[in-house]
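>>> fold the following and give me the result.
(2 chains)
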Amino acid sequence: MSQDDHDHHHAHDHEHPHGSELSPLEARVRALESLLTEKGYIEPAALDALVELYETKVGPHAGARVVARAWVDPDYRARLLADATPTIAELGIGGRGGEHMVVVANTPETHNLVVCTLCSCYPWPVLGLPPVWYKAPPYRARAVIDPRGVLAEFGVTIPETTRITVWDSTAETRYMVLPMRPADTEGLSEEALAALVTRDAMIGTGLPGLLPAEMPL
Amino acid sequence: MNGAQDLGGAHGFGPVVPEPDEPVFHAAWERRVFAMAMAMGYTGAWNLDGSRANRESLPPAHYLASSYYEIWLAALEKQIAATGLATPEEITAGRASAPARPVARVLARDGLEARFRAGFPSSRDPAAPARFTVGDAVLARNIHPTGHTRLPRYVRGRRGRIERIDGAFVYPDTNAYGAGENPTWLYTVSFTARELWGESGDPGGIVTVAAFEPYLEAA
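Predicted structure coming up:
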């Protein structure tokens, strides 16, 4: 350890006297897990598996596959917009927090934006767990009253002639936005198209990525 | 309830601040709180609506000053004590001093992924025909339940239009308290931004909510 590192640790002694001690919050969480395990209500190995599932396996790459398929397959797109849950399940995607999916399509006339003003409802199987900003008061408060202002904070400008429809997730229906396919992507494979689809594009706070200049057509 | 969770239209919270390359969890304890909440919900000691009711009934100052998983943790401790699964003293000590109570099921590692990928649908067979149909003009009732409800304040007393009949679903207002699933019709209802926000509303803008039949009346 360098002298600098040593000094750095000393500077924080008041927070973590011996480096390995838990903060009050960490200690409280650990105490609860110990108690619930001792009581037989939970199995820590199952908790590990849940964390692994939602940290490493379930995420926006799944939703991106759905969007890319809808871009290349008009019949799939029609089924997706008519009855989303079984159509998403055709790709092996579904589960907790996405039992009742609704997919809304952006068009030149309408831009869609998804929020949960009351808590944090979000389509887990296609987008994973929500980011902090989606769950925090600024977005929940303003998405419904000032959607253009919120979009501006994401660097997104929607033409004044395009109507914005905001979907407040107040029940167990979960919304995913089907963004418009970017221009000049005719030659791209479905997999390459999926790589253009960002999480925010499927919430409505972003637009699909622009085609990187180096990507071969 | 008219609690701190009902944020639609509120001012003063500042700009939205997205975090580039945000991790799924920001601390090890968040992983455990998330997984404990899921696993305890799986025991059947309470349901999702009950969890939401416990989170939103935290005192407003506490709710607004807490991070997301701090809210989950506080509500989880409250539910464990309220259902008698453990005493507040045991929760503080982190050790059992009384026998466990039986629970319907315990989440095991085996089969967990398949179970969560299958999901837990909350649609149910309807008990009666739907009262409204697509295109109907409706009024969101001006109600102020002190218990759990999913009708946000910003639409109450406002006129909207039925856009879709979503089906019959578990009714959160009763299910949250173990008072029955009461399958109830759910509708997608649209409101113009001008109807909701007056002159402040985005011209041409639309806001939709998913509203249960008892939240609505014919307009």
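>>> start to end distance for stretch B:96-113?
30 Å (C-alpha to C-alpha, to the nearest Å).
>>> do stretch B:85-95 as well
Length of stretch B:85-95, first residue to last, C-alpha to C-alpha: 13 Å.
>>> which stretches of chain B have low pLDDT?
Judged by pLDDT under 70, chain B has no weakly predicted residues.
>>> mind picking out the helix or strand in chain A with the poorest mean pLDDT?
In chain A, the helix or strand scored least confidently by mean pLDDT, DSSP states H and E is helix A:3-11, which has a mean of 41.
>>> right, and the helix or strand after that one?
Following helix A:3-11 in sequence order, the next helix or strand is helix A:24-39 (DSSP states H and E).
>>> list the buried residues in the longest strand along chain B.
For chain B, the strand reaching the highest residue count under DSSP state E is reported as strand B:159-169. When burial is assessed from 16 or more other C-beta atoms under 10 Å in any protein chain shown, strand B:159-169 yields the following buried residues: B:160-163, B:166-169. The C-beta positions use only the backbone N, C-alpha and C, and glycine is treated the same way.
>>> chain B: helices as residue ranges?
In chain order, chain B shows helices spanning B:28-42, B:48-56, B:60-65, B:68-82, B:88-93, B:112-118, B:172-175, B:193-197, with DSSP state H as the criterion.
>>> sorry, back to before: who touches the longest strand of chain B?
Strand B:159-169 is touched from outside by A:100, A:171-173, B:122-127, B:130, B:132-140, B:183-191, B:195, B:208, B:210, B:212, B:219, with contacts defined as C-beta atoms under 8 Å, 6 or more residues apart in numbering or on different chains.
>>> so residue A:105 is in contact with residue A:84, correct?
No. Contact between residue A:105 and residue A:84 fails when scored by C-beta atoms under 8 Å: they sit 10.8 Å apart.
>>> for chain A, which segments count as strands?
Along chain A, the stretches classed as strands by DSSP E are A:101-105, A:110-115, A:163-168, A:174-178.
>>> can you give me the domain assignment for chain A?
Residue ranges for the domains of chain A, per automatic domain parsing: A:3-42, A:59-203.
>>> hang on, the earlier thing: quick one: the longest strand of chain B to strand A:101-105, angle?
Direction vectors for strand B:159-169 and strand A:101-105, defined by axes from the mean of the first three to the mean of the last three C-alpha atoms, to 10 degrees, enclose an angle of 140 degrees.
>>> buried sites along stretch B:59-77?
B:63, B:66, B:68-77.
>>> the domains of chain A: lowest mean pLDDT?
Comparing mean pLDDT across these, the lowest value falls on domain A:3-42: a mean of 74.
>>> relative to the centre of chain B, find the outermost residue for me.
Checked against the mean C-alpha position of chain B, the extreme residue using C-alpha atoms, centre = their mean is residue B:97, at a distance of 32.7 Å.
>>> residue B:90 is in contact with that one, correct?
Yes. Taking contacts as C-beta under 8 Å, residue B:97 lies within contact range of residue B:90: 5.7 Å.
>>> quick one on the thing from earlier: distance of the residue farthest from the centre of chain B from residue B:86?
Summarising the geometry, the distance separating residue B:97 from residue B:86, computed by C-beta to C-beta, to the nearest Å, is 9 Å.
>>> these two touch, right, residue A:139 and residue B:16?
Yes. Look at residue A:139 against residue B:16 with C-beta under 8 Å: they come within range, at 4.8 Å.
>>> mutual contacts of these two, please.
Between them, residue A:139 and residue B:16 share these contacting residues under C-beta under 8 Å, 6+ apart: A:133, A:150.
>>> these two: which is more packed in?
It is residue A:139, of residue A:139 and residue B:16, that has more neighbours when counted by other C-beta atoms under 10 Å in any protein chain shown, with 27 against 22.
>>> for that one, which residues are in contact?
If a contact means C-beta under 8 Å, 6+ apart, then residue A:139 has A:115, A:133, A:150, B:16 as its contacts.
>>> next, count neighbours for the closest residue to chain B within chain A.
Closest to chain B within chain A is residue A:31: 2.7 Å, counting by C-beta to the nearest C-beta. Residues contacting residue A:31 under the criterion other C-beta under 10 Å number 17.
>>> how near is it to residue B:35?
16 Å.
>>> with residue A:181 instead?
Separation of residue A:181 from residue B:35 (C-beta to C-beta): 37 Å.
>>> out of the contacts of strand B:159-169, which end up buried?
Buried positions within the contacts of strand B:159-169, assessed by neighbour count (16+ other C-beta under 10 Å), are A:100, A:171-173, B:122-123, B:132, B:136, B:138-140, B:183-191, B:208, B:210, B:212.
>>> so which of those residues are in strands?
Cross-referencing these against strands under DSSP E gives B:138-140, B:184-191, B:208, B:210, B:212.
>>> for chain A, state which of those is nearest.
For these, with chain A as the reference and C-beta to the nearest C-beta as the criterion, the closest is residue B:210, at 3.6 Å.
>>> list the contacts for the residue nearest the centre of chain A?
Of all residues in chain A, the one closest to the mean position by C-alpha atoms, centre = their mean is residue A:127, 4.0 Å from it. The neighbourhood of residue A:127, defined by C-beta under 8 Å, 6+ apart, consists of A:59-60, A:62-63, A:176, A:199, A:202-203.
>>> restricted to helices, list the residues you listed.
A:60, A:62-63, A:199, A:202-203.
>>> mind picking the two most distant members of the residues you listed?
Using C-beta to C-beta, the two most remote members of these are A:62 and A:203, lying 14.2 Å apart.
>>> so which of those two has more stuff around it?
More neighbours surround residue A:203 than the other of residue A:62 and residue A:203, with 27 against 23 (other C-beta under 10 Å).
>>> hmm, that one is touching residue A:116, no?
No. Between residue A:203 and residue A:116 there is no contact, the gap being 10.8 Å when judged by C-beta under 8 Å.
>>> list residues touching both of those two?
Counting by C-beta under 8 Å, 6+ apart, the contacts common to residue A:203 and residue A:116 are residue A:134.
>>> show me which residues of stretch A:184-194 are buried.
Quick answer for stretch A:184-194 (16+ other C-beta under 10 Å): A:185, A:188, A:192-194.
>>> what residue is smack in the middle of chain B?
Averaging the C-alpha coordinates of chain B gives a centre point, and the residue nearest to it by C-alpha atoms, centre = their mean is residue B:52 (4.4 Å).
>>> surely that residue is in contact with residue B:177?
No. No contact is recorded between residue B:52 and residue B:177 when judged using C-beta under 8 Å, the distance being 11.7 Å.
>>> need the residues touching each of these two.
Taking C-beta under 8 Å, 6+ apart as the contact rule, residue B:52 and residue B:177 both touch residue B:148.
>>> tell me the domain ranges of chain B?
According to automatic domain parsing, chain B comprises the domains B:28-118, B:137-218.
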